[in-house]
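In: Fold the following.
(4 chains)
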Protein chains: 4
Amino acid sequence: MNAVLLSGSPSAPSRSSVLLAHVRQRLEESDARCHTIALRELPPRALLQADARDPELQRALAQVAGAELVVIATPIYKAAYSGLLKAFLDLLPQDGLRGKAVLPLATGGSLAHLLAIDYALKPVLHALGARQIADAVFVADTQLPRNAEGRYEAEPAAIDRLEQALLGLCEPVPQRYLAPRVLAAAALAAC
Amino acid sequence: MNAVLLSGSPSAPSRSSVLLAHVRQRLEESDARCHTIALRELPPRALLQADARDPELQRALAQVAGAELVVIATPIYKAAYSGLLKAFLDLLPQDGLRGKAVLPLATGGSLAHLLAIDYALKPVLHALGARQIADAVFVADTQLPRNAEGRYEAEPAAIDRLEQALLGLCEPVPQRYLAPRVLAAAALAAC
Amino acid sequence: MNAVLLSGSPSAPSRSSVLLAHVRQRLEESDARCHTIALRELPPRALLQADARDPELQRALAQVAGAELVVIATPIYKAAYSGLLKAFLDLLPQDGLRGKAVLPLATGGSLAHLLAIDYALKPVLHALGARQIADAVFVADTQLPRNAEGRYEAEPAAIDRLEQALLGLCEPVPQRYLAPRVLAAAALAAC
Amino acid sequence: MNAVLLSGSPSAPSRSSVLLAHVRQRLEESDARCHTIALRELPPRALLQADARDPELQRALAQVAGAELVVIATPIYKAAYSGLLKAFLDLLPQDGLRGKAVLPLATGGSLAHLLAIDYALKPVLHALGARQIADAVFVADTQLPRNAEGRYEAEPAAIDRLEQALLGLCEPVPQRYLAPRVLAAAALAAC
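Out: Next up, the predicted model:
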């Protein structure tokens, strides 16, 4: 399986990238091929001027196109995802997440920002064609304190929620909701 | 397969219920057991006062609990789903749509109301635990005119979109995104 | 000044109605004529079937039409306002809140529901033409505990926030942003 | 009056900047001092890495801080405002639009994107403290065709809607909703 992990924080280091690193490690343990894209390191002018011909942007967009799983990490600023993340999503083709599983991760100053995932981020993911959105994980900044060396570190409760979300990605999904008969009928009608 | 079809229009007849009837016919052709709940006919006082002990409400809630597929039809009023629909959804248990496929259908005065599905309805469905939300179908009122007998009738373009959405319910979904190894690791970590 | 206070909780007593009662007392101290409408006591069938000819509903709608200030109190259920509240708002004319000040009050299980005001309620208020929306007050259930007699009572911190919101309603607002010259020019252009 | 006009399109020329230019001309006719900030021309690295110490960004932020009116123009991409616009809004202080009038202008492929203003943009404006949000203007791309010289030009119907919005900025607003008595009482309570 190919997985792309988008790091949407304009800062480095960032709390949301700590969540992303944890997920990456788990995915690699499961033999997924992982590519992390630190959006803040993409060519900034090409990104802000939506110049998709830039070779580095093209490489990043190709990685998203080739992935079965897209993990998206963003801080919540002003009640929504970061502008940096949206600038990259703006470059995806109209149905750029169709057929892919998406796992959203977010951090924010307090629990009061939780609904930004459902009300701000997910409508954009839906507009991009995503239909398999795993349980999102929101972690308040207080659960991502700096450790003795000054690095952000997720508290056990936050790790547990990440693990739950990963478990969700393993859940068997009913393969078909409808019998082939309606499939055939609908296909006929669509002719 | 058990399917429940929720008709959220306060009016009868209604355009959204025409969409619902079409979907029901297709589901029955596919041998699904279908229950349509016309929310406007539920005991109104119990519904508005959120009295879930009412026997008729209990029956309706049990039908939702027992369904694998929930089809939700609503007119868009004031940039959102109908209050009648939300009054019923308010009675569902906290994770009342977890593990179910949901197909949203909506009608509205013009295309300008389209995003109400993604920005108003889907966040509520997510709050109820729904993770398998099929491509929603929005039909403008002009595509549901009255026919010679005065009944609302969906135009062919609207029917096509319903058929596409039904096809979506037939699409094979990748059964697992991750290998069992990460499942085991995550299960261990969750202990 | 005429004020209408809409109580949107399907339950009685309710935490949100405690907030509403406090605001009403303050408004009356300021000589406002106040009408509280307990939406759960309106004729339930007429409300759910959107039958605006019902005399009691007509009276309630007339009270809203005649008010300069509309205070709206709702519990947050399933990441949004109550269905009961929306069922009433659905009956308002298309621009039914145009030119009125609106003060939203909400209660919820935790701070995690805070953004439901901005993302779910305010878009509906905007669709109704409201342009003067005062700072909303969200109070978590823990700040509205039962007192010794078993009645919900707002803690001092919650009362403070209500008072701040009332102060906001007193703030002088710049009367015009543009000089009459552009007014005249625009009026000409609109001819 | 000081007005700042934010141009949020990553492209130049852009349809949304045509709307902005029209509004600017009208504001200048009304003797407003106008500053247009083409966000795509700000230092891209500083903007994407949220480096508010950059002198050009500081100048732009100071212009917003000093404005009574902020006009915001954005294309709608993927059901929301542009990432470029959000990247700039992310740099504003927490209450950076408090006390300012805001006029949102948006363009999009079709009327189907209209609600992105109310559901995506306005919650961010609210989070920034904006309370005076004028009637937004949404113009579909078809109403902004290229003219004989290849430049985007707003059709008369679009111009009319801009004029209406400008008229809205001229409307007298009730200066106070409450008598000074409640002001005094609330001030006392807040002590």
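
In: nearest spatial neighbour of A:Thr142, skipping sequence neighbours?
Out: Nearest residue to A:Thr142, sequence neighbours excluded (Cβ to Cβ, 6 or more residues apart in numbering or on different chains): A:Ser110, at 7.9 Å. All C-beta spots, glycine's among them, are computed from the backbone N, C-alpha and C.

In: Pretty sure the one you found sits against A:Gln143.
Out: No. The pair A:Ser110 / A:Gln143 is not scored as a contact, 10.7 Å apart, by Cβ atoms under 8 Å.

In: out of those two, which sits in the busier spot?
Out: Neighbour count, other Cβ atoms under 10 Å in any protein chain shown: between A:Ser110 and A:Gln143, A:Gln143 has more, with 17 against 13.

In: hey, what's the residue positioned nearest the centre of chain A bridged with?
Out: With distances taken as Cα atoms, centre = their mean, A:Ile72 lies nearest the centre of chain A, 1.8 Å away. With DSSP bridges as the criterion, A:Ile72 is bridged to A:Leu6, A:Pro104.

In: In contact with it, which residues?
Out: A:Leu6, A:Gly8, A:Leu85, A:Val102, A:Leu103, A:Pro104, A:Leu105, A:Leu121, A:Leu125 (Cβ atoms under 8 Å, 6 or more residues apart in numbering or on different chains).

In: ok, now A:Leu85?
Out: With contact set as Cβ under 8 Å, 6+ apart, A:Leu85 has these partners: A:Leu6, A:Gly8, A:Leu39, A:Ile72, A:Thr74, D:Gly83.

In: could you dump the residues you listed to CSV with pLDDT?
Out: Below are the contacts of A:Leu85 laid out as CSV (pLDDT from 0 to 100):
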residue, pLDDT
A:Leu6, 98
A:Gly8, 98
A:Leu39, 98
A:Ile72, 98
A:Thr74, 98
D:Gly83, 98
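
In: D:Val18: which of these is nearest?
Out: D:Gly83 (20.8 Å; Cβ to Cβ).

In: Pretty sure that closest one sits against A:Phe88.
Out: Yes. Counting by Cβ under 8 Å, D:Gly83 touches A:Phe88, with 7.0 Å between them.

In: the more surrounded of these two?
Out: D:Gly83 (31 against 23).

In: what about that one, distance to B:Glu149?
Out: According to Cβ to Cβ, to the nearest Å, D:Gly83 and B:Glu149 sit 51 Å apart.

In: one step back: return the residues in contact with the residue nearest to A:Thr142.
Out: With contacts taken as Cβ under 8 Å, 6+ apart, A:Ser110 has the following neighbours: A:Ala140, A:Asp141, A:Thr142, C:Leu111.

In: Pull up the residues of chain A that are close to chain D.
Out: A:10-11, A:39-40, A:44-45, A:47-50, A:77-90, A:92, A:119-120, A:123-124, A:126-128 (Cβ under 8 Å from any Cβ of the partner chain).

In: Could you rerun that using 6 Å?
Out: Contact residues, chain A versus chain D (Cβ under 6 Å from any Cβ of the partner chain): A:10, A:40, A:44-45, A:48-50, A:77-80, A:83-84, A:86-87, A:89-90, A:123-124, A:127-128.

In: Can you flag the buried ones in these?
Out: A:10, A:40, A:44, A:48-50, A:77-80, A:83-84, A:86-87, A:89-90, A:123-124, A:127-128 (16 or more other Cβ atoms under 10 Å in any protein chain shown).

In: so where is chain A shaky, pLDDT-wise?
Out: A:170-191 (pLDDT under 70).

In: Chain C contacts on that one?
Out: Taking Cβ under 6 Å from any Cβ as the contact definition, chain A meets chain C at A:Leu111, A:Ala112, A:Leu114, A:Leu115, A:Tyr119.

In: Write the PyMOL selection for whichever of these are buried.
Out: Buried residues among these (16+ other Cβ under 10 Å), as a PyMOL selection:
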select buried, chain A and resi 111+112+114+115+119
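
In: Name the nearest of the residues of chain A next to chain C relative to C:His22.
Out: Of all the residues of chain A next to chain C, A:Ala112 has the smallest distance to C:His22: 22.2 Å, by Cβ to Cβ.

In: Let me see the contact set for the closest one.
Out: Taking Cβ atoms under 6 Å, 6 or more residues apart in numbering or on different chains, we find A:Ala112 in contact with C:Leu111, C:Leu114.

In: same thing but 10 Å
Out: A:Ile76, A:Ala79, A:Ala140, C:Ser110, C:Leu111, C:Ala112, C:His113, C:Leu114, C:Leu115, C:Phe138, C:Ala140 (Cβ atoms under 10 Å, 6 or more residues apart in numbering or on different chains).

In: Now do the buried residues in stretch A:21-38.
Out: By neighbour count on 16+ other Cβ under 10 Å, the buried set for stretch A:21-38 is A:21-24, A:26-27, A:30, A:32, A:34-38.

In: ugh, wrong one, stretch A:145-155
Out: The neighbour-count check on stretch A:145-155 (16+ other Cβ under 10 Å) flags A:Tyr152, A:Ala154 as buried.

In: Over to it now: how far is its first residue from its last?
Out: Using Cα to Cα, to the nearest Å, one end of stretch A:145-155 lies 8 Å from the other.

In: now swap in stretch A:5-18 and tell me
Out: With Cα to Cα as the measure, stretch A:5-18 spans 12 Å from end to end.

In: what's the distance between it and the middle of its chain?
Out: Here the centre of stretch A:5-18 is set off from its chain's centre by 12 Å, with Cα atoms, centre = their mean, to the nearest Å.

In: Then stretch A:2-22?
Out: 9 Å.

In: do stretch A:108-115 as well
Out: The answer for stretch A:108-115 is 18 Å, by Cα atoms, centre = their mean.

In: now stretch A:99-114
Out: Computed by Cα atoms, centre = their mean, the separation of stretch A:99-114 from the middle of its chain amounts to 8 Å.
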